[in-house]
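Undergrad: generate a structure from the sequence data that follows.
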Amino acid sequence: MHNKSQEIPNAMKRPIFIYYQLDRFYQNHRRYATSFNIAQLSDPKEEANADIKDCKPEAYAAKGIPVVPCGLVAWSLFNDTYSFARRPRRAGGIGGVEALRVIKSGISWRSERERLFGKHVYPKNFQNGSLVGGGRLDPRKPLSEQEELMVWMRTAAMPRFRKLYGRVEADLDAGETVAVAVRNSYNSYSFEGGKAVVLSTAGPLGGRNAFLGRAYLVTGMACLVLALLLTLVCLFFPMTEEHLRLR
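TA: Next up is the predicted model:
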């Protein structure tokens, strides 16, 4: 268990979203990104009938019994856990410690819960092999209720990515101290990766991302300049009937 404290520089209004970040993890690798079976995830009738050859080597358990959910994506499920506590800023520098409840429901997309992951599909033979890749699943809960799995299986396009862990329904004031206790279970050392936990708020347009804003602004300006150039070309060098004639 690792503990870390951080002072909140600016006030944060609820809900506060908690993300875990991984570096140097290539979920966009073709062999990894295709290592699952969508029919098996949604339909209990397809557990044994689906063609799960793309899930190898995490396709079958002992005696040829299929693994549900199969594939490397589910097998490598992130399993670090976090707990949070706040220390309010009080006069005289003395203040108690208050635990922050992390809500982990509603972190997936509705389409995933209602369509992609079946309400009658339960984990079977998951992480029962000789090599355990990551987190385990509750065999008593259907996949439609395993939201951590849904978030993880939405593969990232870049080797550095953040995924939603949960949210805190509390306001944090500037100057407060948040203590984070991390149970370090996920093996990122084998691929020389890095891990981090991020607290963020979101506005009407989503989370704060300076890169996307700059990228959209540059792209919009480039399109505007190109449109002006094409307009000037059409005004000073109009097309004639000879240009339009098919040859």
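
Undergrad: show me what counts as buried in stretch 113-126.
TA: Buried residues in stretch 113-126, counted by 16 or more other C-beta atoms under 10 Å: 113, 116-118, 121-126. Where C-beta positions appear, they are placed from N, C-alpha and C, glycine not excepted.

Undergrad: would you mind putting those into a markdown table with secondary structure alongside?
TA: Formatted as a markdown table, the buried residues of stretch 113-126 follow (DSSP: H, G, I helix; E, B strand; the rest coil):
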| residue | secondary structure |
| --- | --- |
| R113 | helix |
| L116 | helix |
| F117 | coil |
| G118 | coil |
| V121 | coil |
| Y122 | coil |
| P123 | coil |
| K124 | strand |
| N125 | coil |
| F126 | coil |
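
Undergrad: pick the one among those residues closest to G220.
TA: L116 (33.7 Å; C-beta to C-beta).

Undergrad: give the contact list for the closest one.
TA: 38, 41-42, 150 (C-beta atoms under 8 Å, 6 or more residues apart in numbering).

Undergrad: out of these, which are buried?
TA: Using 16+ other C-beta under 10 Å as the threshold, 41-42, 150 are the buried ones among these.

Undergrad: helices of the protein, start to end?
TA: With DSSP state H, the ranges of helices along the chain come out as 30-33, 38-42, 46-49, 72-75, 110-111, 147-153, 210-236, 241-244.

Undergrad: out of those helices, which is the most enclosed?
TA: Among the helices of the chain, helix 72-75 has the highest mean neighbour count (mean count of other C-beta atoms under 10 Å), at a mean of 23.

Undergrad: name the helices or strands packed onto that one?
TA: helix 30-33, helix 147-153 (3 or more C-beta pairs under 8 Å, 6 or more residues apart in numbering; DSSP states H and E).

Undergrad: recalculate using a threshold of 7 Å.
TA: helix 147-153 (3 or more C-beta pairs under 7 Å, 6 or more residues apart in numbering; DSSP states H and E).

Undergrad: so who does Q6 touch?
TA: Contacts here follow C-beta atoms under 7 Å, 6 or more residues apart in numbering; on that basis Q6 touches V178.

Undergrad: again with the one 4 residues further on
TA: By C-beta under 7 Å, 6+ apart, the contact set of N10 is A174.

Undergrad: next one: A33
TA: 27, 155.

Undergrad: state the distance from it to V73.
TA: 7 Å (C-beta to C-beta, to the nearest Å).

Undergrad: okay, now the unreliable bits of this protein?
TA: Applying pLDDT under 70 to the chain flags the ranges 90-95, 203-210, 241-247.
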